[in-house]
Each structure stands twice: as structure tokens, then as C-alpha cells.
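A.B. asks: Using only what follows, build the 3D model:
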Amino acid sequence: MSNLAYESENLITSAIDVDDGEDVHALRPIPRISVQAFCETDGVAKPIERASEDRRMAKAHVKVHMGGLETAVDFYQSAPTPNLIILESKGEPRELLASLVGLADVCDPTSKVVVVGHYNDVWLYRELKKAGISEYVVAPVSMVDVIATIASIFVDPEAEPLGKTLAFVGAKGGVGSSTIAHNVAWAMSTLFQSEVVVADMDLAFGTANINFDQDPTQGIAEAVFAPERVDEVYLDRLLAQCAEHLSLLAAPSTLDRVYDFDENAFSQIVEVAQRTSPMVVLDLPHSWNGWTRSTLTLADEVIITATPELANLRNTKNLVDALAKLRPNDDPPKLIINQTGVPKRPEITVDDFAEPLDLTPLAVIPFDPQLFGNAANNGRMLGETDPQNPVVQTVSDMAHVLTGRKEIKVKKKAGLGDLLEKLKLKK
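C.D. replies: Numbering: from 1, shown residues only. You can find the predicted model right below:
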């Protein structure tokens, strides 16, 4: 065997040389991720089940299925794929590689895959890595192996941040940005069984605690006023559990202090949240200052909510132009046009609103005071209040787009007329 082959063989087998009692204290906690395993043998299923009960996996959601690749492919024909899939296969190397093609057809591109095989084959290891498999481990495996392998993917300090940040901001006060942010977050957590953290950054007037029917004693204020304490453990203590896969960093929503912050006051909170959850929804207030500008600049995606009125169009245009300068190498923000069709209110058409922005709206949401009012007054999400309402499907579509599972449908834009002239600022 050549030195290269010997080194590669050691690389494959290194993770299985540790007994359960050894090095377990060196393992770091696993963040809020969803894990599904498809096992062909009890020898692999039981260590994964044991790992799911370990305190380091307390924040992860783990489900073990019996059955290998074929079972996984059948399962994901009608179910969303989690953050991590663990697959056991007793197939020979070339058979294993061929069978993975079927999984690729039903697997979301953001999902990671670990293969547990029964062949210590250097060629197979290299081909799997080329194919995008995150890790290949040779059976038998221990509980420590399972946790260590997951940690190598999601806890590696050199790896990219786990979480994607979505910053929601209104073009004007009262346009419904917070309501939409909360409902999209809830939809992502329920549709995809993926962990979502909502950070209500409107400390004085935030509504997330009301919308989610929560009354936490602490939240984001404790973090922003003590940034030196913010780490994964401290942030976890501040989170309120709203649903099985949804946590809230609530605003105090009180006026007993003044909320003036430095430009980077929230950056540490957002960075830590990204390390603990696959999706972080930032609910920003309608204001323009150093820290809101900084937060919008650093977010992975910016979503602007506006109503079809001239002042909203002007403000949205200003936001889009400002963000283009602050984020020159990023995609433009997403646009949601909310509260369309208000009786007797003159409105700008969707096409006329979108054209000067050069944006295709992510969603157009009609005015439905009964749906939104009932949900708000009862501390429930739209999908809980009226699951069959078309607005709920729109929220679901937004969740798919923002998680990369769908694309915005582009449609031809209509003419603008004299609207551009109205938007020009007088010098």
C-alpha cells in the first residue's frame, strides 16, 4: 500500500478508534439542527439513538429510521430533507455510489450527508467526497463517533456559520413587516422541521412576544446590554421556546429605559445565533441609525415590506439604493407588497410599484383584516388560525424561496407612466 493510500485509510478509520468513554468530555455541544438517520443494522442505529440522548445533542432533533438509501429516497419524495442525513449502506463501493444518484434528486442542496459504510476503501472515500458527501465513516461506530462526526461538520470553528440571517424591515411604520417575519419564521420551522430563531430587535415596541403568545422574563435586552457575556450557552438561556422548532429572543417592549446603541451592538448576538441555529430571522424596527444599517449590511438576505402607497415607494427606493451601496456584491433585497386591495383606498399597482425598484415582488399579500386580526388577538400564527386561507399558502411560498427551495417567478413588468417623476427628490 502506498503512503497516500495508508494516510487516507487512517483518515477513514480514525473516527472509529475511540471508545465511548474516551474524549467524550472534549466534544462541543451540537447546535439546533435536525438530523435523520436511515440505518440498515442495529449496530449503527443504536449508537445514533444513544447520541441523540446525550446532553451535547440536547438542542438537536434526531430521528432514526430503519432502512437504508432506498428508504431515504422514498421518504424524501414527500418530506423535506433535514440539516443532516446519516445513511448506512452495506453495498459495495460502486453500488453505493450509483444508489446515491437517487438521493440527489430528492435532497435539498443545503442538506449535509454522512455515509456510514462497511468497506474501508480509499477510492470510495475520495469519490464520495468529490460527490459532495460531507463525511464517510466505516462501521462499526460508537456514540462518540456520531457526535464527533456531526460536530466536525457543524461546530468546526473554521467552517462557515451554520445559520442564514434574514433581516425583515418595513419601508414605513405599520406595514406589517413584523407580522410577516414571525409568520415566515413559523412556516419555516413547521414546514421543514428546521430550527429557527426569531430575534425581535424593536426593544421598545416589539410584538413578537404577543404574536407568539409568550411572556419571557428575559430576552434580547439582557444580551445587548451585556455583550461580554454573549456566547452559545448564555444565548440559549435567553431563548423562549415558541414551538418544537422555533425559539424567540424577545424584546422587553417597555419604556423604562432608553435604547440607544453603538453601531455594532447587535453583531455579537447575531454571530452567536448563527452558530446555534440554521435560520435566524431578524425583526428590525422601522428606523435608520448606525446599528440598523450595520445589521442590514451584514444580513444574508434583506426583506423589505411595503404597502402600495407613494411614501412607501419612495422609502423602499431609498432603502434599495442605500443597500446597493452598502452591499455591492450581494443580491438586491426581496420585496413584499402587503395590504393590497384596501377598500376605497387609492393604490399604486403592483407593476408600477415594482418597476422603478427593478424588483420582482417576493409576495403580494391582500388586505385581510379578519385573518390577521384574529391571529394577532389570539397570539396565533396565520397557519394556525386558518390553514386553508390563500395568504397562508403565500407565506409558505415565501418560506420556500427564502430557504432556497424555490425561486421567485419572474413576470413581465408593465409601464410606469409619470410615477418616476413623483419620486425624484428636489435638490
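A.B. asks: who does the helix ranked longest in the chain touch, helix- and strand-wise?
C.D. replies: Counting by DSSP state H, the longest helix found in the chain is helix 310-326. Contacts defined by 3 or more Cβ pairs under 8 Å, 6 or more residues apart in numbering; DSSP states H and E place helix 310-326 against helix 290-298, strand 301-306, helix 419-423. Placement of C-beta: from N, CA and C, glycine included.
A.B. asks: For that helix, which outside residues touch it?
C.D. replies: 169, 171-172, 175, 293, 296-297, 302, 304, 306, 332-333, 335, 348, 353, 356-357, 359, 419, 422-423 (Cβ atoms under 8 Å, 6 or more residues apart in numbering).
A.B. asks: Just the buried residues from these, in ChimeraX please.
C.D. replies: Filtering the contacts of helix 310-326 down to the buried ones (16 or more other Cβ atoms under 10 Å) takes a single ChimeraX command:
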select :169,171,172,175,296,297,302,304,306,333,335,348,353,356,357,359,419
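A.B. asks: Secondary structure class of the closest residue to Gly176 other than its chain neighbours, three-state.
C.D. replies: Nearest residue to Gly176, sequence neighbours excluded (Cβ to Cβ, 6 or more residues apart in numbering): Asn338, at 4.6 Å. Look at Asn338: counting by DSSP: H, G, I helix; E, B strand; the rest coil, its state is strand.
A.B. asks: check contacts around Asn338.
C.D. replies: 175-176, 180, 305-307, 365.
A.B. asks: which stretch of helix or strand covers Val270?
C.D. replies: Val270 is part of helix 267-276, with elements assigned from DSSP states H and E.
A.B. asks: Off-centre distance for that helix?
C.D. replies: In terms of Cα atoms, centre = their mean, to the nearest Å, the centre of helix 267-276 is found 13 Å from the chain centre.
A.B. asks: Do me a favour and average the pLDDT over that helix.
C.D. replies: The pLDDT scores in helix 267-276 average 87.
A.B. asks: Can you mark which positions in that helix are buried?
C.D. replies: By 16+ other Cβ under 10 Å, the buried positions in helix 267-276 come out as 268-270, 272-276.
A.B. asks: Tell me who's in contact with the residue most central in space within the chain.
C.D. replies: Compute the mean C-alpha point of the chain, and by Cα atoms, centre = their mean the closest residue is Met279, 2.0 Å away. By Cβ under 8 Å, 6+ apart, Met279 lies in contact with 163-164, 166, 185, 188-189, 194-197, 403.
A.B. asks: the domain parsing of the chain - what is it?
C.D. replies: Per automatic domain parsing, the domain ranges recorded for the chain read 3-154, 164-408.
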